[in-house]
Every structure is written in C-alpha cells, then in structure tokens.
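Student: Generate a structure from the sequence data that follows.
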Amino acid sequence: MKNNNKNSHYPAYNDSDILCQCMKLKRSEVSPTLKYHYKKIDSLIACSGAGSVCTACHPLLSELMGNDVWTDVEVSSIKKLSDYTKIFRFKSKSNPFYPAKAGQHIIVQAYIDGKWEMRRYTLSNSASETRYREITVQREPYGKFSSYLHRLLNTNNKAIIRISEPMGDVTPNLITAKPLICLVAGIGITPIIAFLKTIDSDIGDSRQILIDYSVLNQYRVVYQTELNDIAASNPNIDINIRITDQSERINQTHINQLLKNYPNADIYICGSAPYLAAVSNYLSLANVAKQRIHIENFSSPKSHKVNQSKKYAYVAILLFLAFFAQELFNWKLAWLETLQNNENYKIYSGLGLLTYILSQFVMAYNRKCETPHVPASRYRQHKLRGAFAPLVFFIHSTQLGGAYLLLLSSVYFSNFLVGIFNHEHIKQAAQRIRYFKLWLAIHISLSLLLLSLVGFHIYIVASY
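Tutor: Got it, this is the predicted structure:
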C-alpha cells in the first residue's frame with residue numbers, strides 16, 4: 001500500500017485501485033511513468049493514457065504528481081427531496097471555499113469498504129456561495145457511491161470524505177440578452193438549480209430562460225417548489241415540467257416549436273445518455289448550429305468508458321471477404337478495371353493508398369511508458385480507418401498481383417488482419433497484457449515492412 005497524499009491522516013491508496021475508470025488503468029500502471037519527472041499533467045496524460053477520455057481522474061493524476069488537490073470536508077446537512085434523491089452539503093474542515101461558476105462540478109471522494117471511491121457531481125449551490133458545497137444525489141439501484149451517501153442518515157457520521165476544486169467550462173452566461181433554452185431530464189436539473197440560485201441571489205435580472213424539465217413520474221420530480229417560486233418571482237424565467245408517464249416525451253415537434261418561439265436562443269442540454277442522444281438528434285434535424293448547443297454529460301465517470309464496440313471488426317471482415325470473393329470468382333467492375341488501367345489513375349490512387357497507410361502511423365504512442373497507451377480518441381480513429389483497408393486497396397487495385405506485388409499485398413492484408421484481431425478480444429487481463437506485447441511487436445513490424453515494400457514499389461514505378 002502506498003500513499004501519495006500530503007495529509008498523512010488519510011487512509012492509503014491501494015496499488016490495485018483503478019485510477020482511470022475510462023481506460024481501466026490501475027495506480028500501479030500509471031505511477032511508473034512518474035520516474036520520467038513530468039512537470040505538467042498533460043505530459044503524464046500523454047504518456048500513460050490516463051485522463052485522455054474524460055477529466056474525472058485528473059485530480060488523482062495531479063495528486064500522483066505530488067500536488068495537494070483535495071479539501072477535507074464533513075457533511076453539514078442532509079435534506080431528502082424524494083425517495084430517490086437527497087441534497088448533501090459539505091463544510092470544509094479548514095479554509096472557506098472559493099466561489100464557483102454556476103454549472104461547474106466537483107469530484108467527491110469517499111473511503112468506502114477499505115478503498116477510495118469517487119464520483120463527479122454538479123454543484124447545486126449558487127455561484128457566490130463560500131460556506132459550503134452542495135450536491136444533489138440520486139440513488140442508483142446498483143450505485144455503490146450514491147447508495148453509500150444515501151445511507152448517511154445524519155451529520156453525526158464517521159464518513160471520510162474529501163472534494164476537489166470546481167471544474168468544467170459548460171457554464172452559460174446568465175446575463176446576456178440572448179435567450180437560453182435548457183433541455184434537461186431527471187437529475188440533470190441540478191445545474192439548472194445552480195443557475196436559478198445564482199440569478200436569485202447574485203444577479204436578480206437575468207437573460208430570458210426557458211426550462212423544459214422531463215422526469216419519469218411525479219415521485220421523481222425534485223426542486224418543484226423552488227422552481228415554481230423562482231419562476232413566479234422572475235418574469236424572464238419560464239418552466240415546463242414534463243411528466244413522461246402522463247404526457248408525451250419531448251420530440252421533434254416540441255423542439256421545432258421552441259426554436260420557433262426563441263429563434264436565436266442558445267441551447268443547454270443535461271440528462272442521461274439516451275436523453276442527450278435523442279435531443280441532440282432533434283436539434284441536428286432542426287439545423288441548429290453546433291456553436292449554439294452546450295451539452296453537460298450528466299453521468300458518473302464509470303459511464304465514460306472507451307468504446308469497445310466490435311462493429312468496426314465486423315465491417316472489416318465483410319470488406320475483407322468481399323475483396324477476396326471478387327478476386328477468387330473474378331467478379332470485376334468493368335468501369336473500375338478500365339480506370340485502373342489508366343496511368344494517371346494508377347498514380348493518383350496509389351498516392352491515395354500511400355496517404356492512407358501513412359495516416360495509420362499517426363498515433364500518439366509513447367514507447368517510454370512501461371505500459372504503453374494512446375489517447376482513446378486517436379485509438380478509435382485508428383481502428384475505424386483500419387477497418388476500411390480492403391476498400392482502399394480495392395480502389396487502387398482489384399488484384400493481388402504477382403512477384404513482389406503479391407508480397408506487398410500479402411503483408412498489407414496480413415497487417416490488416418493482425419489489427420482486427422487485437423487484444424480487445426481477450427477478456428482475462430493477464431492474458432490480454434501478454435498478448436498485447438506480442439501483438440504490438442508483430443503489428444509494428446508488419447507496418448514497417450509494408451512501408452518499406454511500398455517505398456520499393458514507388459521506386460520501381462518511378463524508374464519505369
């Protein structure tokens with residue numbers, strides 16, 4: 001057990017603890033990178049891969065580098081809003097808090113069952129509040145962290161809790177003349193409460209704000225009294241509570257009407273992943289410019305996982321089989337065969353194939369790391385591009401060729417297959433790590449060999 005905390009009274013971390021939920025990286029996998037003496041968190045992220053998907057683990061990374069990132073707190077009050085939702089206020093055990101921006105979130109860390117757990121929660125207090133930090137927690141059926149907080153019956157508890165500084169930049173301007181449409185669902189109402197409290201206590205006269213609040217049933221509505229009171233006292237604020245088991249869910253017609261009523265409005269969206277996807281699609285169909293839309297993904301860090309979908313592999317295999325079927329059974333496209341016999345087409349399509357191959361070398365891979373990683377977004381792009389390798393080759397040539405061209409084609413498609421059957425298909429962690437090391441060596445070797453053969457091919461063509 002190692003403890004990187006400056007405050008020695010805190011319980012220690014375990015080396016086996018997951019540090020980055022998104023990349024499923026343990027502390028023991030990230031901490032070796034510190035020996036390279038990284039001074040900035042960006043360097044540590046680039047080297048380890050941790051923190052490259054969302055920002056939830058950034059406080060842990062900063063702490064790992066020796067920074068003091070946590071404020072030790074105690075629960076100063078607990079208020080029940082519904083059977084599923086409670087408000088928790090945290091009071092600092094040391095200095096007062098700094099003001100936060102309305103809509104920012106904090107990382108809450110608690111020592112539960114012998115290990116540190118943490119979750120992200122949006123603040124529901126006003127921006128100017130410095131006496132406490134307030135969060136609204138909805139108890140999830142299988143949520144370890146939310147269930148732990150909900151079991152705290154009063155403030156006389158022995159909970160060991162600490163919080164980070166406020167983070168996040170999805171914080172709309174509350175005093176501009178431009179209207180703001182807030183489309184929220186479920187516990188996604190929390191940042192809206194922060195907006196309204198800030199307007200009520202700090203601003204007074206705000207921009208025009210329309211809030212469309214969707215919730216499953218009446219029992220899950222939270223802050224209804226507060227919402228109605230603020231709306232009644234401020235003519236610039238309109239609130240529509242949509243009980244979806246009694247009325248229609250928000251749809252394209254509702255969105256179109258809102259946009260008609262408020263044609264130049266900014267849009268703020270907060271809710272579950274399905275809600276965000278549906279509303280974003282409606283806005284896209286309504287041709288709303290992306291710069292007008294602000295999305296707050298209201299979910300815990302665990303939901304920000306790397307996309308491990310195997311759909312790209314299925315597409316890749318289908319394209320691979322289609323290419324070899326047309327070669328084996330001589331299913332040729334006459335117009336494409338004619339094009340490929342044209343010298344200019346050969347040159348330009350060949351340059352396109354070379355560009356494609358070179359693009360697959362653009363990977364932010366740092367070989368100094370003991371456990372190599374790349375940013376998740378780059379890795380997904382690499383896999384997706386790789387899936388279309390047979391199609392890119394087919395555009396240049398529908399034939400495998402002979403002699404050294406057959407060798408080049410064989411290496412090209414062998415490397416493609418190695419890329420498809422990567423370590424993601426192995427479930428057991430220990431076997432996956434061993435396979436990954438062998439797989440990576442083969443994949444890189446074939447890539448370098450392919451690049452050499454392509455270079456030789458270009459030399460031969462240029463010579464003739």
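Student: For the stretch 151-300 of the chain, which segments count as helices?
Tutor: Per DSSP state H, counting those that start in this stretch, the stretch 151-300 of the chain carries helices over the ranges 190-198, 224-233, 252-261, 273-285.
Student: now, of those, which is deepest in the fold?
Tutor: Looking across the helices of the stretch 151-300 of the chain with neighbours counted as mean count of other CB atoms under 10 Å, the highest average goes to helix 190-198: a mean of 25. Heads up, the C-betas are built off the backbone N, CA and C, glycines and all.
Student: rewinding a little: quick one, which of the helices of the stretch 151-300 of the chain gets closest to residue 50.
Tutor: Distance to residue 50, taken as CB to CB, is lowest for helix 273-285 among these, at 22.5 Å.
Student: and residue 157, how many neighbours?
Tutor: The tally of other residues near residue 157 (other CB atoms under 10 Å) stands at 13.
Student: who's in contact with residue 286?
Tutor: By CB atoms under 8 Å, 6 or more residues apart in numbering, the contact set of residue 286 is 252, 255, 256, 259.
Student: now the residues you listed as TSV including distance to residue 455?
Tutor: Rendered in TSV, the data for the contacts of residue 286 read as follows (distance: CB to CB, whole Å):
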residue	distance to residue 455
252	53
255	53
256	56
259	54
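Student: right, and out of the residues you listed, which lies closest to residue 140?
Tutor: Comparing the contacts of residue 286 against residue 140 with CB to CB picks out residue 255 as the nearest, at 28.2 Å.
Student: how much space between that closest one and residue 263?
Tutor: Taking CB to CB, to the nearest Å as the measure, residue 255 falls 13 Å from residue 263.
Student: And residue 318, by the same measure?
Tutor: In this structure, residue 318 lies at 45 Å from residue 263, with CB to CB as the measure.
Student: where in the stretch 1-150 of the chain is pLDDT low?
Tutor: Where the stretch 1-150 of the chain drops to pLDDT under 70, the residues are 1-9, 22-23, 33-39, 46-49, 52-54.
Student: which stretches of it form helices?
Tutor: Taking DSSP H, counting those that start in this stretch as the criterion, the stretch 1-150 of the chain carries its helices at 27-30, 41-48, 58-64, 144-150.
Student: of these, which approaches residue 107 most closely?
Tutor: With CB to CB, the closest approach to residue 107 among those belongs to helix 58-64: 5.3 Å.
Student: same for the closest one, what does it pack against?
Tutor: On a contact count with 3 or more CB pairs under 8 Å, 6 or more residues apart in numbering; DSSP states H and E, helix 58-64 meets strand 18-20, helix 27-30, helix 41-48.
Student: residues touching residue 208, list them.
Tutor: Taking CB under 8 Å, 6+ apart as the contact definition, residue 208 lies against 179, 180, 236, 237, 262.
Student: farthest pair in these?
Tutor: Within these, two members stand farthest from each other by CB to CB: 237 and 262, at 13.1 Å.
Student: out of those two, which sits in the more crowded spot?
Tutor: Neighbour tally, residue 237 and residue 262, criterion other CB under 10 Å: the higher count belongs to residue 237, 22 against 18.
Student: Now do the phi/psi pair for residue 125.
Tutor: For residue 125, the backbone dihedrals (degrees, to the nearest 10) come out as phi -90, psi 170.
Student: Verify the contact between it and residue 106 for me.
Tutor: No - between residue 125 and residue 106 there is no contact, the gap being 10.6 Å when judged by CB atoms under 8 Å.
Student: can you list the domains in this structure?
Tutor: Structural domains annotated on the chain: 180-302, 311-463, as defined by automatic domain parsing.
Student: Residue 89: which of those is closest?
Tutor: Distances from residue 89 to each of the domains of the chain were compared using CB to CB; the shortest belongs to domain 180-302, at 13.0 Å.
Student: And the closest one, how far out from the chain middle?
Tutor: Domain 180-302 has its C-alpha centroid displaced from the chain centroid by 22 Å (CA atoms, centre = their mean, to the nearest Å).
Student: thinking again about what came up before, neighbour count winner among residue 318 and residue 263?
Tutor: Of the pair residue 318 and residue 263, residue 318 is the one with more neighbours under other CB under 10 Å, namely 12 against 8.
Student: Please consider this matter closed, and thank you.
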